[in-house]
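# Give me coordinates for this.
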Amino acid sequence: MFRNARLMLYFVIGCLMLAFCVTPAAANGQSNLAVWLWGSTVRTQGAEAVVKGLAENHVTDVFLLVRGTAGKADYASAIAPPAEADKDALGDMMAVCRPLGIRVHAWFVFNQDKAYIDLHPEDSMWHHGKANTEFKPYRMEDGKVCPMSEAHLGYMNDMIREVLENYDVDGIHLDYIRYGHMVYCFCPDHVQKATNLGISVDRVREVIFETSYASNANPNRFFEAYESGDADVVAWVKMRQSEIRGAAASMRAVAREAKPNVIFSASLMPEGALVDTNSFAMCHYGQSYEDAGELYDLVCPMAYHLDFGKSPAWVGDVARGTIELVGSDVPVYIGVQAYGNKADRDAVQEAIAAGLEAGAEGVALFRFGTMNEERWSAVSDALK
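Sure, this is the predicted structure:
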């Protein structure tokens with residue numbers, strides 16, 4: 001089955017090269033153009049149809065999801081369960097993209113893996129606690145993984161190594177390389193770790209309660225405590241930041257060992273790029289842009305302005321803040337929202353223009369599966 005499929009792909013490659021005679025956008029003097037692409041889209045539409053759309057629109061980079069929140073592999077893995085039996089989305093995309101010069105980055109979600117947690121519930125994320133648990137911490141059951149888990153980090157590293165040893169991908173791209181919210185993670189191991197560091201977990205929980213759950217809750221209470229130097233809150237935030245930085249550094253080391261010239265990149269939440277929301281980002285995500293400048297070869301701040309209720313100018317602000325914090329040596333591909341009813345032609349074009357005018361070296365569209373003729377036209381005009 002695989003052999004016949006590969007032969008068909010090679011035939012399609014030739015047809016694509018003859019039909020479009022395209023080169024990546026950067027080779028034509030345009031900015032780099034990337035798309036996030038779900039493996040399920042490749043399995044549904046077929047690699048040849050997907051790459052036809054990439055080639056026609058001068059896409060230079062593809063972030064292909066090979067391990068998402070479900071924890072299923074969209075490549076031939078001996079480690080993780082398959083997304084679909086006898087399907088190899090990564091292999092199919094590599095076969096068609098490589099001759100066209102389109103770079104392929106294997107995209108991994110870090111802190112959520114339902115398949116892994118089903119087998120290893122001890123590595124689950126724990127919530128601070130809500131009223132229905134009498135505000136006692138409880139184990140999450142949606143596949144969220146505690147970033148402190150060394151076993152899970154080892155599992156991630158094994159998957160990254162497996163991909164790099166078996167596929168000639170151009171990059172490894174990390175997503176969800178962060179905490180999702182300040183209410184995570186209050187697992188027993190974290191409570192013990194924080195206690196050993198001299199952090200009063202009760203104090204941290206008290207401030208979170210005052211922020212989110214008290215009858216007179218102040219939604220800014222935790223951020224104010226962090227900014228004013230509350231010792232326990234600051235130490236807790238720094239502990240979480242250190243864990244995210246350490247996990248990314250571990251995966252980077254594995255990637256570099258397996259393929260020294262691999263492009264190691266990440267998607268970043270946009271709040272951390274801006275002065276007025278940096279504390280919000282550190283307290284919720286533990287994801288530092290200063291760390292990102294040392295860890296990654298390429299960063300993609302996800303400046304989805306419509307979801308954040310912002311104007312396209314905000315996309316430019318995120319791009320400028322990112323460039324300042326990560327340094328001029330790290331390329332920035334500004335993440336642009338290309339999904340949802342409000343993401344019309346003007347919204348997409350204006351967001352791209354704002355990001356590029358602010359100095360971004362490229363654009364990353366979320367996502368290929370939601371692109372249509374109108375949005376592709378907006379991209380083309382913005383890049384010109």
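
# Show me the strands in the stretch 101-250 of the chain, by range?
Applying DSSP state E, counting those that start in this stretch to the stretch 101-250 of the chain gives strands spanning 103-109, 126-127, 138-139, 171-175.

# for the second one, what is the average pLDDT?
Same thing as strand 126-127. In this model, strand 126-127 has an average pLDDT of 98.

# related to what we said a few turns ago, dump the strands of the stretch 101-250 of the chain into CSV; add distance to residue 50 as well.
Placement of C-beta: from N, CA and C, glycine included. As requested, the strands of the stretch 101-250 of the chain are arranged in CSV below (distance: least, C-beta to C-beta, whole Å):
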stretch, distance to residue 50
strand 103-109, 11
strand 126-127, 38
strand 138-139, 38
strand 171-175, 17
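
# Identify the residue nearest residue 76 in space, chain neighbours excluded?
Spatial nearest neighbour of residue 76, excluding adjacent residues (C-beta to C-beta, 6 or more residues apart in numbering): residue 88 at 4.9 Å.

# surely the one you found meets residue 73?
No. At 9.3 Å, residue 88 and residue 73 do not qualify as touching, with contact defined as C-beta atoms under 8 Å.

# what are the ranges of the helices in the stretch 201-350 of the chain?
Here the stretch 201-350 of the chain has its helices, by DSSP state H, counting those that start in this stretch, at 201-212, 221-227, 231-258, 278-285, 289-295, 312-326, 345-357.

# try the stretch 1-150 of the chain
Secondary structure of the stretch 1-150 of the chain (DSSP H, counting those that start in this stretch): helices at 2-20, 39-45, 47-56, 89-100, 114-119, 150-166.

# which one of those is the most hemmed in?
Comparing the helices of the stretch 1-150 of the chain by mean neighbour count (mean count of other C-beta atoms under 10 Å), helix 89-100 comes out on top with a mean of 22.

# gap between that one and the chain center?
Offset of helix 89-100 from its chain centre (C-alpha atoms, centre = their mean, to the nearest Å): 21 Å.

# just stretch 110-117 next, same as before
Relative to the centre of its chain, stretch 110-117 is centred 14 Å away, using C-alpha atoms, centre = their mean.

# Low-confidence ranges, the chain, go.
Applying pLDDT under 70 to the chain flags residues 1-29.

# Now with 80, please.
Within the chain, the ranges that satisfy pLDDT under 80 run 1-30.

# Quick one: residues contacting the closest residue to residue 210 other than its chain neighbours.
Closest residue to residue 210 apart from its sequence neighbours, by C-beta to C-beta, 6+ apart: residue 221 at 4.7 Å. Applying C-beta atoms under 8 Å, 6 or more residues apart in numbering to residue 221 gives the contacts 207, 210-211.

# Of all the helices of the stretch 201-350 of the chain, which one is nearest residue 165?
When the helices of the stretch 201-350 of the chain are compared by C-beta to C-beta, helix 231-258 sits nearest residue 165, at 6.0 Å.

# For residue 306, see how far away the residue most central in space within the chain is.
Against the mean C-alpha coordinate of the chain, by C-alpha atoms, centre = their mean, the closest residue is residue 175 at 2.2 Å. From residue 175 across to residue 306, the span is 20 Å (C-beta to C-beta, to the nearest Å).

# Flag every buried residue along stretch 276-291.
The neighbour-count check on stretch 276-291 (16 or more other C-beta atoms under 10 Å) flags 277-289, 291 as buried.

# Return the residues in contact with residue 129.
For residue 129, the contacting residues are 135-138, 186, 205, by C-beta under 8 Å, 6+ apart.

# Looking at those, which is nearest residue 248?
Among the contacts of residue 129, residue 186 lies closest to residue 248 (C-beta to C-beta), at 22.3 Å.
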